[in-house]
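> Compute the structure for the input listed below.
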Amino acid sequence: MKLLLENWRNHLNEGLEERYEKFFNPKGWYFESEILLGEGGYGKVWRATNKKTGQRAAIKVLPVGMDLGYPELKIELENYEFLKNNRNSMPKEVAKHFPDVYETGRIVNPIGYVIMELLEKMPASVDKALFQTSGDVEGRKVKTKRILTDPEVLSQIFDIVISDSYFNSHIYDKLGKLTKRESLSASYEIVEEAAKEAFRAYMANEPTPTLPNFTSGGGSLFTTYFKSDEEKRLASFILDSLLKVLSRAYENFDKAIAGELNDELGREWDRYFLRSFANTASQQLKSELAKSVIPSQMAKSSQYNVRKTAFPEAESLFNAMDYVHKDKFQPADVHGRNVMVRPNTNELVIVDVGLFDLMRGEE
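Sure thing, here's the model as predicted:
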């Protein structure tokens, strides 16, 4: 089936490069269909050369398809048009981190295009230092330690993880069986106060809480999700705080986790619930730490300082994202594949702004 789909897709794409050449050549560009620079979920990028000046450029072609719909294409073109019209009016320290966009438009209604300056792939050493942590345990430890020394960042992590984990529907389902009551939940005020208490305890360097048997298979969940003692300690305080929230809000919770209600709820329900509960919370924490360590999603303005803490090497890049956010152009989806280098300057450039949030019409 996979082969059939691939053959079908190749058949549909036959002749497209020639079609693109016929479109761009009269506009003054030699479309170099044999030089494919890259491709992603929304389209492909080819190299082109200006007929008059000999200047090389990158042409991003965006066909509507399974991944890119008409609304997304419209937004993508509007975002690049925003850069085309506004980049030159930005401060130099900001503008250097965005590409010079020469032209945007449509080849036909379902196929858009963007012509921009030609950039180079980041050197492997830079890519690893700024973006990669997968498989690099020591690198992740270094970056995590940077984050864990910033009280403001830590406070945000406590708030986000405890709130998101507690108000997770999976937890509601489990607790519905425990309490035999539907839709029972703690107020946001209780959860918020629990996060503050946990943060204060963590910052006071109190001993790591002794928690129930949070295990996954033969090993600890902490060992599964976290790669440093600092992260494991952080996870312990967050899980301890969540257990206290549940004890305050849910009748019989303490009895349940002590195993006193096993006959009613099923054999070793406490152990299975705790494992499931810890799994949910640990995944949330791992996700937030990853967002802090790897600048993949910049949609939350409150997290700019998090990235600066983890990546002082790229402070100028983050300052540029902060600037355009205030200018009604909110960065998102900034990761290693979407950042390149300007030749001869080593300036980091965000080349893909398709998922940026251009806050249209807002004051």
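> All the helices of the stretch 1-150 of the chain, in order from the start?
In the stretch 1-150 of the chain, the helices defined using DSSP state H, counting those that start in this stretch lie at 2-13, 16-24, 70-86, 92-95, 124-130, 137-148.
> Identify each buried residue in the shortest one, please.
In other words, helix 92-95. Val94, Ala95 (16 or more other CB atoms under 10 Å). Using the backbone N, CA and C atoms, a C-beta is placed for each residue, glycine as well.
> So for the residue nearest to Asn79 when sequence neighbours are not counted, what pLDDT did the model give?
Using CB to CB, 6 or more residues apart in numbering and skipping residues adjacent in sequence, the residue nearest Asn79 is Val353, 4.7 Å away. On pLDDT, Val353 comes in at 87.
> May I ask which helix or strand encompasses Val353?
Per DSSP states H and E, Val353 falls between elements, in no helix or strand.
> Would you enumerate the residues in contact with it?
Taking CB atoms under 8 Å, 6 or more residues apart in numbering as the criterion, Val353 is in contact with Asn79, Tyr80, Leu83, Phe98, Pro331.
> Tell me which two of those residues sit farthest apart.
Greatest spatial distance among the contacts of Val353 (CB to CB): Tyr80 and Pro331, at 14.1 Å.
> Val349 falls within a helix, correct?
No. Assigned with DSSP: H, G, I helix; E, B strand; the rest coil, Val349 falls outside any helix and is strand.
> Report the beta-bridge partner residues of it.
Met340 (DSSP bridges).
> what sits against it?
Lys96, His97, Phe98, Pro99, Leu119, Val339, Met340, Val341, Arg342.
> Quick one: which of the contacts of Val353 is the most crowded by neighbours?
Using other CB atoms under 10 Å as the neighbour test, those are led by Tyr80, with 26 neighbours.
> now the stretch 251-363 of the chain, which segments are flagged as low pLDDT?
The model of the stretch 251-363 of the chain has pLDDT under 70 over residues 261-271, 290-313, 327, 335, 359-363.
> Strands of that one, start to end?
329-330, 339-342, 347-350, 357-358 (DSSP state E, counting those that start in this stretch).
> Flag every buried residue along the second one.
By neighbour count with 16+ other CB under 10 Å, strand 339-342 contains the buried residues Val339, Met340, Val341, Arg342.
> ok, of those, which one's closest to Ile162?
Distances from Ile162 to those, taken by CB to CB, are shortest for Val339, at 31.9 Å.
> Go ahead and confirm the closest one touches Met122.
Yes. Val339 lies in contact with Met122 (CB atoms under 8 Å); the separation is 6.4 Å.
> In this structure, which helix is the longest?
Across the chain, the helix with the greatest residue count (assigned by DSSP state H) is helix 269-293.
> Could you list every helix and strand in contact with that helix?
Using 3 or more CB pairs under 8 Å, 6 or more residues apart in numbering; DSSP states H and E, the elements in contact with helix 269-293 are helix 137-148, helix 151-166, helix 169-179, strand 215-216, helix 221-225, helix 229-249, helix 253-257, helix 304-310.
> Just want the phi and psi numbers for Arg200.
Main-chain dihedrals, Arg200, degrees, to the nearest 10: phi -60, psi -40.
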